[in-house]
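A.B. asks: Give me the fold of what follows.
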Amino acid sequence: HVQLVESGGGSVQAGGSLTLSCEAAFPSAYHMAWFRQAPGKEREGVARFNVDGTRTYADSVKGRFTISLDNAKNTLNLQMTSLAPEDTAVYYCAAGFQNSGDLRTADFRYWGQGTQVTVS
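C.D. replies: Model (predicted):
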């Protein structure tokens, strides 16, 4: 079992920035990702960081969000800039062993509890 603990969520005004962090043991051993789920909507992929260092971003966040892995701190980070109200959601960290090349929930076996991001 892989325990994932997210932090860094909060409330911010439109145009602002937030950085989310996900603490995990040996994060470089897994494909890791951030997903989000807004009220009444399905969970959607935001960005993934693969074991080989490649990254994939959802079109809606390209150029605004950056995913990175800090091996020294065992954390997966998501730097979010130019935030908009439509970015409001619960953000989840995920880890898994499959790489479909896309942001599919089925690729990820382990999930964190989520952290709320609210943009007004």
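A.B. asks: Can you pull up the most central residue in the protein?
C.D. replies: With distances taken as Cα atoms, centre = their mean, Trp34 lies nearest the centre of the chain, 1.9 Å away.
A.B. asks: Just to be sure, that one is in a strand?
C.D. replies: Yes: assessed with DSSP: H, G, I helix; E, B strand; the rest coil, Trp34 lies in a strand.
A.B. asks: all strands of this structure, in order?
C.D. replies: 5-7, 10-12, 18-23, 31-37, 44-49, 55-57, 65-70, 75-80, 89-96, 110-111, 115-119 (DSSP state E).
A.B. asks: related to what we said a few turns ago, contacting residues for the residue nearest to the centre of the chain?
C.D. replies: Each residue near Trp34 by Cβ atoms under 8 Å, 6 or more residues apart in numbering is listed here: 20, 22, 45-48, 67, 76, 78, 91-94. Using the backbone N, CA and C atoms, a C-beta is placed for each residue, glycine as well.
A.B. asks: follow-up on the earlier one: could you provide the strands of the chain in JSON lines, with additional columns for distance to Leu103 and mean pLDDT?
C.D. replies: As requested, those are exported to JSON lines (distance: least, Cβ to Cβ, whole Å; pLDDT from 0 to 100):
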{"stretch": "strand 5-7", "distance to Leu103": "17", "mean pLDDT": "96"}
{"stretch": "strand 10-12", "distance to Leu103": "23", "mean pLDDT": "97"}
{"stretch": "strand 18-23", "distance to Leu103": "16", "mean pLDDT": "97"}
{"stretch": "strand 31-37", "distance to Leu103": "7", "mean pLDDT": "97"}
{"stretch": "strand 44-49", "distance to Leu103": "2", "mean pLDDT": "97"}
{"stretch": "strand 55-57", "distance to Leu103": "6", "mean pLDDT": "97"}
{"stretch": "strand 65-70", "distance to Leu103": "11", "mean pLDDT": "96"}
{"stretch": "strand 75-80", "distance to Leu103": "13", "mean pLDDT": "97"}
{"stretch": "strand 89-96", "distance to Leu103": "10", "mean pLDDT": "97"}
{"stretch": "strand 110-111", "distance to Leu103": "14", "mean pLDDT": "96"}
{"stretch": "strand 115-119", "distance to Leu103": "17", "mean pLDDT": "98"}
